[in-house]
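Participant: Here's a sequence, model it:
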Amino acid sequence: MLELAILGFLYDHSLHGYELRKRITALTGHVRPVAESTLYPAIKRLERAGLLVRETQPGAVAAPRHVLSLTATGRRELRRRLADPARTDITDENRWFTVLAFLRHLDDPAAQSAVLRRRLDFLQEPASFFYEGDRPLRAEELKDPFRQGILTIARATSRAELTWLRRTLAALG
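Facilitator: Numbering: from 1, shown residues only. The predicted model follows:
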């Protein structure tokens, strides 16, 4: 997820590390805060893989800063990852939001639709956070008001997303 976010934010324009970290934190930080100890090793991995380059620019007042840019290979890699996301990128809501944040970088509406259809298929599978044996439980079957709340909120969120997915798929053709 972190590497996808780095590639996604650098796709449009170059950023220095601090600005990149702020943007990633804004996207994912409420769930998974991005520490420098996590971000910079990921940047170095992507740099070693030839997906991004680092250029040192003089600072206006302070020390020089490193500006990160995607290479042509990095741009292709982002589009590849978006076109064929891992199953967990489809099923995990936070990872899904990261994919969705950059899906516009796939130029092909058919490729975008294929990714959205995978999410739609996942959301249409019977599921719950709570089970009786192998049977998913519905909110109405639980006596615990807090677990009812989890399922009620999840159902409302899923319905809203299903509506959006169907509308967007229809618009994409």
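
Participant: quick one: P33 from F97, how far?
Facilitator: Between P33 and F97 the computed distance is 15 Å (C-beta to C-beta, to the nearest Å). C-betas here are computed from N, CA, C, even on glycine.

Participant: Which pLDDT value goes with the nearest residue to E132 once chain neighbours are set aside?
Facilitator: Of all residues not flanking E132 in the chain, E141 sits nearest, at 7.9 Å (C-beta to C-beta, 6 or more residues apart in numbering). In the prediction, the pLDDT value recorded for E141 is 91.

Participant: R32 now?
Facilitator: Looking at R32, its pLDDT reads 65.

Participant: Make sure L20 is actually in contact with L68.
Facilitator: Yes: in this structure, L20 is within contact of L68 by C-beta atoms under 8 Å, at 6.4 Å.

Participant: Just checking, which helix or strand succeeds the host helix or strand of T98 along the chain?
Facilitator: According to DSSP states H and E, T98 maps onto helix 93-102. Next along the chain after helix 93-102, taking DSSP H and E as the criterion, comes helix 109-124.

Participant: for that following helix, which positions count as buried?
Facilitator: Neighbour-count burial for helix 109-124 flags A111, Q112, S113, V115, L116, R118, R119, L120, L123 (criterion: 16 or more other C-beta atoms under 10 Å).

Participant: outside of that helix, which residues touch it?
Facilitator: 82-83, 85, 90-91, 96, 99, 103-104, 106, 158, 161-162, 165-166, 168-169, 172-173 (C-beta atoms under 8 Å, 6 or more residues apart in numbering).

Participant: rerun that using 10 Å as the cut-off
Facilitator: Here helix 109-124 makes contact (C-beta atoms under 10 Å, 6 or more residues apart in numbering) with 79, 82-85, 87, 89-91, 96, 99-100, 103-106, 108, 157-159, 161-162, 164-166, 168-173.

Participant: Chain neighbours aside, what residue packs nearest to Y131?
Facilitator: Spatially, and ignoring its direct neighbours in sequence, Y131 is nearest to L137 (6.2 Å; C-beta to C-beta, 6+ apart).

Participant: Tell me the predicted confidence for the residue nearest to Q112 when sequence neighbours are not counted.
Facilitator: Nearest non-adjacent residue to Q112, counting by C-beta to C-beta, 6+ apart: L106, 5.1 Å away. If you check L106, the pLDDT there is 95.

Participant: from memory L106 sits against A83, does it?
Facilitator: Yes: at 5.9 Å, L106 and A83 qualify as touching, with contact defined as C-beta atoms under 10 Å.
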